[in-house]
Structure formats: structure tokens, C-alpha cells
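Participant: Sequence first, then the predicted structure:
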Amino acid sequence: MIAIADRISGVEEYYFSKKLREIAQLRAEGKDIINLGIGSPDLKPADAVIEKLNQTAEKNNVHGYQSYKGTPALRSAFAAWYKKYYQVDLNPETEILPLIGSKEGIMHISMTYLNPGDEVLVPNPGYPAYAASARLTGATCRYYSLNDKQGWLPDLEALESTDLSKVKMMWVNYPNMPTGTSANKDLFKALKSFGARHEILICNDNPYSFILNEEPLSMLSAGLSDYVLELNSLSKSHNMAGWRVGMIAASEQHINNILTFKSNMDSGMFLGIQKAAVVALNLGDDWYASVNKTYKERRAVVWQIMDTLDCSYDKDQVGMFVWAKIPESIADVDVMINEILYQTDVFITPGFIFGDNGKRYIRISLCAPVETLEKALERIEHIKNK
């Protein structure tokens with residue numbers, strides 16, 4: 001066999017990639033598995049968005065390669081979206097870079113800026129892609145703790161008491177996944193100042209700000225600088241996860257630097273998707289209200305599931321998940337998760353996949369109809385009442 005590259009030897013296959021194979025096998029055996037793990041929206045985009053995609057796809061001369069920077073119309077739509085909902089002014093020509101998904105953007109940023117020997121501050125718990133992308137560049141991950149005692153916010157004073165001389169980048173994610181902690185302006189101001197003081201690039205991953213959240217915020221509300229950038233996406237806010245539409249907002253120099261890498265990785269986004277994304281970005285407040293009405297109804301059932309499992313949770317969480325602490329009587333969350341899976345045919349995400357600070361937690365996705373969630377609740381209640 002040909003040996004794999006050293007850069008991938010320390011990177012594990014994504015947890016959900018492995019678990020989905022296990023779930024597929026159980027389904028092949030006839031099991032009716034309810035998957036409450038991944039945050040993949042089950043609702044469709046707005047009808048006007050789909051109509052625009054279909055109209056464009058029927059035309060000639062729209063199926064060729066597109067600009068690596070996206071169309072001017074898409075960049076302008078992103079800029080208007082940021083102005084309307086985040087009160088952030090961005091130059092669509094120089095400060096916005098559309099992406100084929102924001103997860104790809106995590107890799108683009110990492111490959112653009114990180115060298116072997118650099119250190120990256122990664123949240124624990126946090127999205128596993130931050131650490132994986134850092135390792136693929138040869139950089140070293142330095143995990144910083146998030147915990148319930150601190151409201152799942154970074155302790156910047158504690159970080160400043162350590163040697164930060166090799167730290168080049170810090171990943172933050174507010175509103176937070178997996179904990180559901182909402183963003184606040186004071187945090188973003190503090191992060192911007194922290195980055196400038198220590199010459200650390202602060203990267204905020206911001207795909208959840210419209211889900212069950214009355215005040216969408218951007219880290220860029222604290223102002224652009226050489227030490228901040230933000231990722232955003234239509235995956236959650238507009239039910240377009242599979243369409244792969246994301247963006248980076250940053251200073252012109254950052255956009256140009258990242259474009260250098262990106263232009264060697266893809267050949268632009270299909271024009272029909274870009275035109276449909278423009279329609280999505282121009283939807284009115286009623287769109288977000290309708291999506292959140294559905295998620296609110298679902299969340300009420302998920303709270304019942306958590307209550308049945310004797311878990312504790314914060315009802316002020318935002319985003320499309322519920323994050324909850326398991327009872328002290330449970331010794332091992334992995335055992336708990338597998339017992340639920342094999343006794344009730346319901347899959348729930350264990351918190352340890354997001355880091356050691358998540359080992360006493362579980363997460364349930366709101367991306368399932370109320371009827372499905374109620375079925376899961378009935379199954380779990382049945383084994384609890386035995």
C-alpha cells in the first residue's frame with residue numbers, strides 16, 4: 001500500500017462520518033433509526049430561491065466556470081445582508097469573499113496563514129473542524145477551556161497569563177456550537193483587542209446567529225482590523241446546507257491572501273446557486289420568523305426528551321441544538337448514548353466529540369419534525385418507565 005501523508009496521519013475520520021455508517025448498517029438490518037445528531041436542516045429553502053435556481057439552470061451559457069470571487073451581485077447581497085441585520089458596513093468588492101461552504105473556508109484560512117510550528121487556539125468544547133484543519137497544516141492546537149461556570153465564554157485573562165508568542169490564530173464560534181451560548185458585543189470588543197495586542201488572527205465562525213436568536217450579532221460590529229475575520233453561511237439560516245454557500249468577511253488584505261489559496265482549490269460556484277443565494281439574502285423578516293417558529297415548536301419536545309433523561313440545560317440557548325448535562329448517576333456518556341441507540345433506535349450526539357469539556361454532556365438536533373421528535377420521546381419514555 002502507498003503510505004498516507006504525514007499531515008493526515010494525526011487526523012481522525014469525522015465522528016459523524018463513522019457513526020452514519022453504523023446507523024446505515026442498523027437501518028439495513030431493518031431498524032427504524034431516528035437520527036437526532038447532525039444539524040442538517042430538513043426544511044427546504046424558500047420557494048423563490050428554488051424557483052430562481054430552476055430558472056437559471058434552464059438557460060444557456062450559465063453552466064461554465066465562474067469567478068473565484070463570486071458574482072458582484074452575490075457579494076453586494078452579502079454586504080446588504082450584513083448592513084441590515086448586523087449593522088456592519090462592508091465593501092462588496094474588497095471585503096467579502098463567497099465560499100463553496102464555510103467549512104471549506106476554515107481550511108482555506110488555515111492553509112493561508114498557518115505553518116508547522118505555529119500554534120492555534122481552539123475551543124474545548126468546539127467544532128472538530130478547527131482542530132483538524134490546523135493539524136493538516138502542521139500547526140499545533142492549543143485548546144482553551146469553555147465551561148458552564150464561565151458561561152461558555154473564553155477566559156482571556158487566563159490566556160494572557162500564558163506564553164502566546166507562537167500563537168497565530170484563534171478560533172471562536174458565537175453564537176456557540178455545541179453549547180448554544182449567544183454572542184455579545186462586549187465579548188467581540190474584548191476579542192478584537194486581544195487579537196491586536198498579541199498579533200493573533202481572531203476567526204469567528206458565525207452560521208447560527210439567526211436560529212432562535214432575537215439579536216443577530218457579528219464580531220465585525222466591533223470594526224474591521226488586521227486581526228479579525230468572520231465566516232458566515234446560508235446553511236442554517238436559509239436551509240441551504242447542501243447548496244454550499246458561505247462567505248468570509250475581512251479586510252481587503254485578508255480577502256486577497258485567502259483568495260490566493262482558494263483559487264487553487266476550486267473553480268467557482270455554479271451561477272444558478274449564486275443567483276438563488278441572492279434571492280435568499282433578500283428574503284424579509286417573515287422568512288426568519290417562520291423558520292424560528294418551527295424550531296421553537298421542535299425545541300419544546302427536545303426539552304421534554306432532556307427532562308425524561310434527567311438532564312439539565314439552559315433554556316436561553318440559541319441555535320439549532322439543545323446542549324444538556326447528563327445526571328451524576330450516569331458514569332459514561334458513551335455508554336448512555338449507545339444504550340439509547342440500541343434500546344430505542346434513537347441516536348443522540350455525545351458531547352465528548354467536541355472536546356474533554358463536553359464529556360458530561362449530550363446534544364440533540366432540532367432538525368427533525370415534531371412528529372419524529374415525539375416518537376423519539378415516546379421510545380425513551382418507554383425504557384425509562386420499565
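Facilitator: Received the coordinates, thanks. Numbers count the residues shown, from 1 in each chain.

Participant: Do a quick rundown of the strands in this structure.
Facilitator: 34-35, 96-99, 119-124, 140-145, 167-172, 201-205, 228-233, 246-249, 312-313, 321-325, 346-347, 349-350, 361-365 (DSSP state E).

Participant: Which one of those strands lies nearest to Asn256?
Facilitator: Asn256 sits nearest to strand 96-99 of all these, at 9.1 Å, using CB to CB. Heads up, the C-betas are built off the backbone N, CA and C, glycines and all.

Participant: Check the model's average confidence along the closest one for me.
Facilitator: Taken as a whole, strand 96-99 has a mean pLDDT of 97.

Participant: Against which helices or strands is that strand packed?
Facilitator: helix 72-86, strand 246-249, helix 252-262 (3 or more CB pairs under 8 Å, 6 or more residues apart in numbering; DSSP states H and E).

Participant: chain center to the longest one: distance?
Facilitator: In terms of CA atoms, centre = their mean, to the nearest Å, the centre of helix 72-86 is set 20 Å apart from its chain centre.

Participant: And for stretch 79-94?
Facilitator: 21 Å.

Participant: Same check on stretch 271-278?
Facilitator: Computed by CA atoms, centre = their mean, the chain-centroid distance of stretch 271-278 equals 21 Å.

Participant: ok, now stretch 228-235?
Facilitator: Mean C-alpha position of stretch 228-235 versus that of the full chain (CA atoms, centre = their mean) differs by 9 Å.

Participant: Mind exporting the C-alpha coordinates of it to PDB?
Facilitator: Extracted in PDB, the C-alpha atoms of stretch 228-235 (Å, rounded to 0.1, in the frame of the first residue of the first chain):
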ATOM      1  CA  VAL A 228     -10.300  39.800  12.900                       C
ATOM      2  CA  LEU A 229     -12.300  38.000  10.200                       C
ATOM      3  CA  GLU A 230     -15.700  36.200  10.100                       C
ATOM      4  CA  LEU A 231     -17.200  33.200   8.400                       C
ATOM      5  CA  ASN A 232     -20.900  33.100   7.700                       C
ATOM      6  CA  SER A 233     -23.200  30.700   5.800                       C
ATOM      7  CA  LEU A 234     -26.700  30.200   4.400                       C
ATOM      8  CA  SER A 235     -26.700  26.600   5.500                       C
END
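
Participant: what does that stretch rub up against?
Facilitator: With CB atoms under 8 Å, 6 or more residues apart in numbering as the test, stretch 228-235 has contacts from 41, 78, 99, 101-102, 105-106, 109, 191-192, 195, 201-207, 209, 218-220, 222, 240-241, 243-251, 254, 277, 280-281.

Participant: Buried residues of it, list them for me.
Facilitator: Within stretch 228-235, the residues scored as buried using 16 or more other CB atoms under 10 Å are Val228, Leu229, Glu230, Leu231, Asn232, Ser233, Leu234, Ser235.

Participant: For Leu53, see how far away the residue nearest to the first one when sequence neighbours are not counted is.
Facilitator: In this structure, Val228 finds its nearest non-sequential neighbour in Ile202, 5.0 Å apart by CB to CB, 6 or more residues apart in numbering. Ile202 sits 35 Å away from Leu53, taking CB to CB, to the nearest Å as the criterion.

Participant: higher neighbour count, those two?
Facilitator: Ile202 (24 against 21; other CB atoms under 10 Å).

Participant: for the more buried one, what are its contacts?
Facilitator: So Ile202 contacts Met169, Met170, Val172, Leu191, Lys192, Phe194, Gly195, Met219, Tyr227, Val228, Leu229 (CB under 8 Å, 6+ apart).

Participant: Does the first one touch Thr112 like I think?
Facilitator: Pointing back at Met169 there. No - if you go by CB atoms under 8 Å, Met169 and Thr112 don't touch, sitting 10.1 Å apart.

Participant: So the two - more neighbours on which side?
Facilitator: More crowded of Met169 and Thr112, by other CB under 10 Å: Met169, with 24 against 16.

Participant: pLDDT wise, what is the more buried one at?
Facilitator: 98.

Participant: Lys44: what's it in contact with?
Facilitator: Counted by CB under 8 Å, 6+ apart, Lys44 has contacts Ile50, Asn239.

Participant: domain assignment for this structure?
Facilitator: Following automatic domain parsing, the chain resolves into domains at 6-44+286-384, 64-283.

Participant: just those domains: most buried one?
Facilitator: Neighbour counts (mean count of other CB atoms under 10 Å) averaged over each of the domains of the chain peak at domain 64-283, with a mean of 20.

Participant: Could you tell me the end-to-end distance of it?
Facilitator: Distance across domain 64-283, first residue to last, is 27 Å (CA to CA, to the nearest Å).

Participant: Any idea how far it is from the middle of the chain?
Facilitator: Offset of domain 64-283 from its chain centre (CA atoms, centre = their mean): 10 Å.

Participant: Might you list the low-confidence residue ranges for the protein?
Facilitator: 10-14, 16, 386 (pLDDT under 70).

Participant: Show me where it has its helices.
Facilitator: For the chain, helices defined by DSSP state H occupy the ranges 6-9, 15-28, 47-57, 72-86, 102-113, 128-137, 156-160, 185-198, 252-262, 271-281, 285-308, 333-344, 370-384.

Participant: Also compute the angle for the longest one relative to helix 47-57, please.
Facilitator: Looking back up the chat, that one is helix 285-308. Helix 285-308 runs at 120 degrees relative to helix 47-57, counting by axes from the mean of the first three to the mean of the last three CA atoms, to 10 degrees.

Participant: Which elements pack onto helix 285-308?
Facilitator: When contacts are defined as 3+ CB pairs under 8 Å, 6+ apart, helix 285-308 packs onto strand 321-325, strand 361-365, helix 370-384.
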